[in-house]
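*Asks:* what would the 3D arrangement of this be:
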Amino acid sequence: MNLKIEHLKVFRTVANTGKLADAAVQLGRTPSAVSMMLHQIEDEIGGQLFEGTSKSRLTKLGKFVLTRASRTISEHESAISDIDRFARGEAGIIRVSAVPSVATQLLPHAIAEIRKESDTLKIDIRDADSESVIESVRAGEVDFGIGSGMVSDAEIERQYMFEDPFRLVCPLDHPLYVNKREIELADIDPTEFIANGLCTQINDVEMQRLLQRSSLMLHNTTSLVSFVINRLGVTILPALAIANTNNVRSVPFRDNSLVRRLYILKRFNETLSPASEKLVTILCEKLPEQF
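*Replies:* Prediction:
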């Protein structure tokens with residue numbers, strides 16, 4: 001049987017109006033064209049759809065066809081709508097793994113932006129360190145990740161986002177802040193330095209000196225800030241990681257090459273969904289300039 005969705009729409013319109021002329025007006029066709037299509041449908045089915053010559057009464061076959069046609073048309077229109085919304089990035093699910101500073105500082109703004117166009121998107125966000133972000137991307141557990149550091153993996157490709165400058169994080173009245181000047185790594189006293197995983201990304205002789213002589217290593221940013229607040233030392237973190245943090249000071253470095261580079265990470269040669277692509281665009285083009 002070679003019935004198309006257009007055939008079903010014509011039949012449904014005639015059945016609902018009960019008049020060939022009225023149906024023709026709604027369909028934007030001539031009555032003769034509509035009549036011809038009805039004959040094609042009946043020939044294809046092998047039975048009469050209407051009682052007699054009037055279009056006001058359906059046969060039992062016609063009633064059955066109308067029920068199934070209406071359901072099929074509704075499903076077809078729903079499918080087309082879903083496809084259109086998905087293609088425009090307004091439907092579907094976005095799975096993201098991101099380092100904590102991005103998850104807390106950038107993603108809320110990006111999600112708010114994307115939800116201006118659609119509030120039906122499902123979004124799954126995981127915050128983790130860069131190594132875990134890379135692993136979740138490699139394993140296909142997320143659509144894309146956001147992390148820093150080098151990625152020596154042929155399965156992962158990087159898209160540069162922006163540079164996040166490192167800052168010294170110290171107590172409110174620390175001398176290096178009170179002096180109100182940019183500092184050098186050499187200005188930091190190794191005996192009060194609290195090492196962390198992020199500052200190990202800094203490839204500098206002075207940084208290595210600080211790491212080697214530090215007696216305390218913490219990996220959680222919240223814990224790091226708490227230790228600094230309680231005057232157990234100073235540390236170095238990217239600016240984004242300490243944005244909106246109270247009770248500590250941040251001091252810039254004179255060397256502007258001391259930065260963390262953030263990247264969008266995705267599986268090599270794999271196209272993102274339209275919704276994920278839209279979120280990436282917001283993250284890379286619209287948000288960094290605000291921070």
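*Asks:* now do the SS call for the residue lying closest to residue 214 once chain neighbours are set aside.
*Replies:* Nearest-residue entry for residue 214: residue 195, 4.2 Å, with adjacent residues in sequence omitted and distances by CB to CB, 6 or more residues apart in numbering. All C-beta atoms are positioned from the backbone trio N, CA, C, and that covers glycine. Assigned by DSSP: H, G, I helix; E, B strand; the rest coil, the conformation of residue 195 is strand.
*Asks:* for residue 195, name its beta-bridge partners.
*Replies:* Beta bridges link residue 195 to residue 217 when assigned by DSSP bridges.
*Asks:* same thing with residue 157?
*Replies:* Bridge pairing for residue 157 - DSSP bridges - gives residue 266.
*Asks:* the one 10 residues further on too?
*Replies:* Beta-bridge partners of residue 167, counted by DSSP bridges, are residue 237, residue 252.
*Asks:* next one: it from residue 253, what distance?
*Replies:* Distance, residue 167 to residue 253, by CB to CB, to the nearest Å: 7 Å.
*Asks:* repeat for residue 129
*Replies:* 23 Å.
*Asks:* same question, residue 18
*Replies:* As judged by CB to CB, residue 18 and residue 253 stand 81 Å apart.
*Asks:* isn't residue 236 right up against residue 176?
*Replies:* No: applying CB atoms under 8 Å, one finds residue 236 not in contact with residue 176, separated by 11.6 Å.
*Asks:* need the overlap of contacts for the two.
*Replies:* 168, 188 (CB atoms under 8 Å, 6 or more residues apart in numbering).
*Asks:* neighbour count: the two, which is higher?
*Replies:* residue 236 (25 against 17; other CB atoms under 10 Å).
*Asks:* separation between the more buried one and residue 206?
*Replies:* In this view, residue 236 and residue 206 are 11 Å apart by CB to CB.
*Asks:* also residue 183?
*Replies:* On the measure of CB to CB, residue 183 and residue 206 end up 11 Å apart.
*Asks:* residue 264 now?
*Replies:* With distances taken as CB to CB, residue 264 is found 31 Å from residue 206.
*Asks:* these two: which is more packed in?
*Replies:* Using other CB under 10 Å, the more surrounded residue of residue 264 and residue 206 is residue 264, with 22 against 16.
*Asks:* if I pick the residue lying closest to residue 13 once chain neighbours are set aside, what's in contact with it?
*Replies:* Closest residue to residue 13 apart from its sequence neighbours, by CB to CB, 6+ apart: residue 23 at 4.5 Å. Neighbouring residues of residue 23 by CB under 8 Å, 6+ apart: 10, 13, 14, 16, 17, 34, 55.
*Asks:* switch the cut-off to 6 Å
*Replies:* Residues near residue 23 by CB atoms under 6 Å, 6 or more residues apart in numbering: 13, 14, 17, 34.
*Asks:* these two touch, right, the second one and residue 55?
*Replies:* Right, the one you point to is residue 14. Yes: the criterion here is CB atoms under 6 Å, and residue 14 meets it with residue 55 at 5.4 Å.
*Asks:* looking at those two, which has the bigger crowd around it?
*Replies:* residue 14 (27 against 22).
*Asks:* from residue 70, how far off is that one?
*Replies:* Taking CB to CB, one finds residue 14 at 13 Å from residue 70.
*Asks:* equivalent analysis for residue 206, please.
*Replies:* 75 Å.
*Asks:* can you check residue 27 too?
*Replies:* 16 Å.
*Asks:* now the residue of the chain most remote from its centre, what's its secondary structure?
*Replies:* No residue in the chain sits farther from the centre than residue 52, which is 58.1 Å out by CA atoms, centre = their mean. With three-state DSSP as the basis, residue 52 sits in coil.
*Asks:* same question, residue 261
*Replies:* With three-state DSSP as the basis, the three-state label of residue 261 is strand.
*Asks:* and it, what are its bridge partners?
*Replies:* Under the criterion used (DSSP bridges), residue 261 bridges to residue 163.
*Asks:* can you give me the neighbour number for it?
*Replies:* 16.
*Asks:* residue 244 too?
*Replies:* 6.
*Asks:* with adjacent residues omitted, what lies nearest to it?
*Replies:* Going by CB to CB, 6+ apart, residue 244 has residue 105 as its nearest residue, at 7.5 Å.
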